[in-house]
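Undergrad: With the input below, show me the fold.
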Amino acid sequence: MGDSVYKIIELVGTSSESWDRAAAVAVERAGKSLRELRIAEVTSQDLVIEDGKVKAYRTKLKVSFKFED
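TA: Residues are numbered from 1 along each chain as shown. Predicted coordinates:
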C-alpha cells in the first residue's frame, strides 16, 4: 500500500425505520457521488418526535474517502 490521503466529511442520514437504516441511507447516497468510501464512524444518533411519537431516526456519521488529485 502506497502513501494515501483521505478526506473526512460529516453526513446525517434520516429514516422512519431505524438508526441503522438512517446510516445506510447516508452511506448509499454518498456513494453515488464519492468514490472509494472507506470508513464510516457513527458520531451521534437522535430522534425527531412529533405528537409524542417517533417521527424519524437520525444518524450522524463521519465518512472517509480517498482524496485524489
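
Undergrad: Spell out, range by range, the strands that occur in the protein.
TA: For the chain, the strands defined by DSSP state E occupy 6-15, 37-50, 53-66.

Undergrad: Could you dump those strands into CSV and include distance to residue 28 and mean pLDDT?
TA: In this view, the C-beta of every residue, glycine as well, is placed from N, C-alpha and C. CSV is the format used below for these (distance: least, CB to CB, whole Å; pLDDT from 0 to 100):
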stretch, distance to residue 28, mean pLDDT
strand 6-15, 9, 96
strand 37-50, 10, 96
strand 53-66, 11, 96
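
Undergrad: For residue 21, find the nearest of these.
TA: Among the strands of the chain, the nearest to residue 21 by CB to CB is strand 6-15 (3.9 Å).

Undergrad: about what we covered before: a markdown table for the strands of the chain, including distance to residue 21?
TA: Shown next, in a markdown table, are those (distance: least, CB to CB, whole Å):
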| stretch | distance to residue 21 |
| --- | --- |
| strand 6-15 | 4 |
| strand 37-50 | 12 |
| strand 53-66 | 7 |
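
Undergrad: you'd agree residue 7 is up against residue 62?
TA: No - at 10.7 Å, residue 7 does not count as touching residue 62 under the criterion of CB atoms under 8 Å.

Undergrad: rewinding a little: so which of the strands of the chain comes closest to residue 26?
TA: That would be strand 6-15 among the strands of the chain, by CB to CB, at 3.0 Å.

Undergrad: And the closest one, what does it pack against?
TA: helix 19-33, strand 37-50, strand 53-66 (3 or more CB pairs under 8 Å, 6 or more residues apart in numbering; DSSP states H and E).
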